[in-house]
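# sequence first, then the predicted structure, then my questions.
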2 protein chains.
Amino acid sequence: MERPYRGVWPVVPTVFTDEGDLDLEGQKRVLDCMVDQGSDGLCILANYSEQFLLSDEERETLARLCLEHVAGRVPVIVTASHFSTRIVVERCRRAASLGGSMVMLMPPYHGAALKGTQEQTREQFARAAQAGLPIMVQDAPLSGVELGVPFLSRLAREIDEVGYFKIETPQTASKLRALIAAGGEAIEGPFDGEEAITLLADLDAGATGTMPSALVPDLLKPIVAAHRAGDRDEAAAAYARVLPLINYENRQAGLRACKAAMQAGGVIRSDHVRAPLAPLAPGVRAGLMEHLRTLDPVVLRWGR
Amino acid sequence: MERPYRGVWPVVPTVFTDEGDLDLEGQKRVLDCMVDQGSDGLCILANYSEQFLLSDEERETLARLCLEHVAGRVPVIVTASHFSTRIVVERCRRAASLGGSMVMLMPPYHGAALKGTQEQTREQFARAAQAGLPIMVQDAPLSGVELGVPFLSRLAREIDEVGYFKIETPQTASKLRALIAAGGEAIEGPFDGEEAITLLADLDAGATGTMPSALVPDLLKPIVAAHRAGDRDEAAAAYARVLPLINYENRQAGLRACKAAMQAGGVIRSDHVRAPLAPLAPGVRAGLMEHLRTLDPVVLRWGR
């Protein structure tokens, strides 16, 4: 795939057994299922991959397995965020050596109180850039760090590798529009995230890609394609069809939705999430399945 | 040392070279310097140990080195906090197998938004308790989790291993007093933290121990001893003498103060802190040294 990267780049969930161990065979099936749905690229070790519940050793195991198994069928973004600049740099180098196509970084944060200043964030990203991979900046509420448009566009102008932005804050569309206006050609890939819940508004604002969950990339592809082809009515109609499901995912189930769907569709054996995250409540699972069956996505048929 | 543990239990800083690598020889000197000052116990891998800037492998290296080098001279608390219950349990088991005397846990948290519920926190601590070590609950603003007195006292009553509490939130003294009243004998060790900046009020409220930085444990010991012996006037006078230094540490320098003092005193070669933390500004260092020289603490003489 040639740059600029665009399209649908879902986050790869991390697959566990019922006992909470990594399920590496299941992990491969997840990757195949996501590639089979036409994903333009994948992102591993992100928050919807439960990255905050993995040991360093497990991260390494997963990065290696995913990149070897995808084997260039699609480009892969490797999430490398950490409070420590040293660890970020090591993760970026490792991603490059394993064949990753890009790294994704949140600004440095730890807990509720430790947040990198703008200067510390810029310095961390500049050092990460020395690994040679393009960088996607993840602008998400989880970090607790506010990344203003002037700062983001300065990052894009001052650090060649910083060209992709995954914006998933309130009013993402307005922020994307402002970022594109401020950063110009330095904004190589303005993406949204957050399960693509505001995809239509974000595409209207100039987003060229989206990083949703792995729940229904097959149903998001046509929205992006129609919008790009100038058929906004079709894009809007397709978005309206899938929105009740995405809304339910985003507001009721979170990262558990994709795992539940993959288990129901025979992609993986267990939809286990690691404690302290709680399993999906039966009523929420039922509501999710009702939404899914209406849309008949690939995920429900892939393993059957 | 017999239980209940009490007294001065400073946090062990993690020593780096100027290049940011672990300095294991310097680490041993830090431990010796802290033991020589009469520390009743030590705590490793805490926030003032820059735990949020260490890899899993470095944590293991440090835990092993510290416990082997202290070799039972004083008891050692091993910090085991992580969002993942599975990782917390592994860290607690490892601490027990290496000879740690206690583990310290914050409630599960990640970033600004992910926080364990009370039930999830209780479940994590109950599973951690299966490693068999006493647990100190760290109640610090960094987690972003509010731990009310009713919940803390319930933890102490319901989980035998939970008996120690390091309270370092605003108005720690009032919280300690309420916790002791609510928890009774289940509160085996009410401690304060935060550089012991409110030590006198906390001792008045019933604290039996303090977990400060490693800056001046030799100057904190007499405060705790005098207070325990019933000589509150002497305790108050000693506290008043050291408070300008602690206030300066707490408000101007943070975890860098102890490292700067240890470097000045020949304990360690470098006071490096890892990025994105910034080095101590020259003016702040000068102010710190002025306060330190007035008090002539062991740390300034130990390595000279």
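Good, I have the coordinates.

# list the buried residues for the helix or strand containing A:Arg86?
Per DSSP states H and E: A:Arg86 is located in helix A:85-98. Residues of helix A:85-98 classed as buried: A:85-96, A:98 (neighbour count, 16 or more other Cβ atoms under 10 Å in any protein chain shown). (Each C-beta comes from the backbone N, C-alpha and C, glycine too.)

# show me what that helix packs onto, helices and strands only.
Applying 3 or more Cβ pairs under 8 Å, 6 or more residues apart in numbering or on different chains; DSSP states H and E, one finds that helix A:85-98 contacts helix A:56-70, strand A:76-79, strand A:102-105, helix A:118-129.

# give me every residue in chain A lying close to chain B.
A:20, A:52-57, A:83-87, A:90, A:108-114, A:116-117, A:120-121, A:123-124, A:127, A:141-144, A:274-276, A:278 (Cβ under 8 Å from any Cβ of the partner chain).

# which among these count as buried?
Buried members of the residues of chain A next to chain B, scored by 16+ other Cβ under 10 Å, are A:20, A:52-56, A:83-87, A:90, A:108-112, A:114, A:116, A:120-121, A:123-124, A:127, A:142-144, A:274-276.

# as TSV, the helices and strands packed on helix A:85-98 with mean pLDDT would be great.
Below are the helices and strands packed on helix A:85-98 laid out as TSV (pLDDT from 0 to 100):
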stretch	mean pLDDT
helix A:56-70	98
strand A:76-79	98
strand A:102-105	98
helix A:118-129	98
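
# ok, the closest residue to A:Ala129 other than its chain neighbours - how many residues close by?
In space, and not counting its chain neighbours, A:Ala129 is closest to A:Glu161: 3.9 Å by Cβ to Cβ, 6 or more residues apart in numbering or on different chains. For A:Glu161, the neighbour count with other Cβ atoms under 10 Å in any protein chain shown is 21.

# wait, isn't A:Glu161 in contact with A:Leu133?
Yes - at 6.8 Å, A:Glu161 counts as touching A:Leu133 under the criterion of Cβ atoms under 8 Å.

# got the contact list for the residue nearest to A:Ala129?
Applying Cβ atoms under 8 Å, 6 or more residues apart in numbering or on different chains, we find A:Glu161 in contact with A:128-129, A:132-135.

# check A:Ile187 too.
A:153, A:156, A:163, A:165, A:179-180.

# most neighbours, which of the residues you listed?
A:Phe165 (30 neighbours).

# which residues are contacting the helix or strand that residue falls within?
Using DSSP H and E, A:Phe165 maps to strand A:162-167. With Cβ under 8 Å, 6+ apart as the test, strand A:162-167 has contacts from A:4-5, A:102, A:104, A:125, A:129, A:134-140, A:152, A:155-156, A:175-176, A:179, A:186-193, A:202, A:211.

# any quick PyMOL command for the buried ones out of these?
In PyMOL, a selection of the buried entries from these looks like this (16+ other Cβ under 10 Å):
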select buried, chain A and resi 5+102+104+125+129+134+135+136+137+138+139+140+152+155+156+175+176+179+186+187+188+189+190+191+192+193+202+211
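
# out of the contacts of strand A:162-167, which sit inside helices?
When those are checked against helices (DSSP state H), the matches are A:125, A:129, A:152, A:155-156, A:175-176, A:179, A:202.

# and these, which two are furthest apart?
Taking Cβ to Cβ, the two most distant members of these are A:Ala129 and A:Asp202; they sit 25.8 Å apart.

# kindly format the C-alpha coordinates of stretch A:238-258 as CSV.
This file holds the C-alpha atoms of stretch A:238-258, laid out as CSV (Å, rounded to 0.1, in the frame of the first residue of the first chain):
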residue,chain,number,x,y,z
ALA,A,238,-24.6,3.3,5.2
TYR,A,239,-23.4,5.2,8.3
ALA,A,240,-27.0,5.5,9.5
ARG,A,241,-27.5,1.7,9.1
VAL,A,242,-24.4,0.8,11.2
LEU,A,243,-24.7,3.6,13.8
PRO,A,244,-27.1,1.9,16.2
LEU,A,245,-24.6,-1.0,16.5
ILE,A,246,-21.6,1.3,17.0
ASN,A,247,-23.5,3.4,19.5
TYR,A,248,-24.3,0.3,21.4
GLU,A,249,-20.7,-0.8,21.2
ASN,A,250,-19.3,2.5,22.3
ARG,A,251,-21.7,3.3,25.1
GLN,A,252,-22.6,-0.2,26.5
ALA,A,253,-19.8,-2.6,25.8
GLY,A,254,-16.5,-1.0,25.0
LEU,A,255,-13.7,-3.3,23.9
ARG,A,256,-15.7,-6.4,25.0
ALA,A,257,-18.1,-6.0,22.0
CYS,A,258,-15.6,-7.1,19.4
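
# so what touches it?
For stretch A:238-258, the external contacting residues (Cβ under 8 Å, 6+ apart) are A:13, A:47-48, A:50, A:194-197, A:199-200, A:212-216, A:219-220, A:222-223, A:226, A:260, A:271, A:273, A:277, A:279-280, A:284-285, A:287-288, A:291-292, A:294-295, A:299.

# what's the neighbour count on A:Ala63?
23.

# check A:Val11 too.
Neighbours of A:Val11 (other Cβ under 10 Å): 27.

# isn't it up against A:Gln51?
No - with contacts counted by Cβ under 8 Å, A:Val11 stays clear of A:Gln51, the gap being 9.7 Å.

# pairing partners for the strand holding A:Phe165, with directions?
Here strand A:162-167 is paired, per DSSP bridges, with strand A:135-139 (parallel), strand A:189-192 (parallel).

# how about those in TSV, adding mean pLDDT and distance to A:Arg232?
Shown next, in TSV, are those (pLDDT from 0 to 100; distance: least, Cβ to Cβ, whole Å):
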stretch	mean pLDDT	distance to A:Arg232
strand A:135-139	98	26
strand A:189-192	98	17
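
# among those strands, which is nearest B:Cys43?
strand A:135-139 (33.4 Å).

# specify the angle between the closest one and helix A:85-98 in degrees.
Strand A:135-139 runs at 130 degrees relative to helix A:85-98, counting by axes from the mean of the first three to the mean of the last three Cα atoms, to 10 degrees.

# strand A:135-139 vs helix A:118-129, what angle?
Going by the same axes, to 10 degrees, strand A:135-139 makes 150 degrees with helix A:118-129.

# give me the residues contacting strand A:135-139.
Identification of contacts with strand A:135-139 by Cβ under 8 Å, 6+ apart yields A:46, A:77, A:79, A:81, A:102-107, A:125, A:128-129, A:147, A:152, A:155, A:159, A:161-169, A:175, A:189, A:191, A:193.

# list the contacts for the closest residue to A:Ala156 other than its chain neighbours?
With sequence-adjacent residues excluded and distances taken as Cβ to Cβ, 6+ apart, A:Ala156 is closest to A:Ala186, at 3.8 Å. Residues near A:Ala186 by Cβ under 8 Å, 6+ apart: A:153, A:156-157, A:163.

# okay then, goodbye and thanks.
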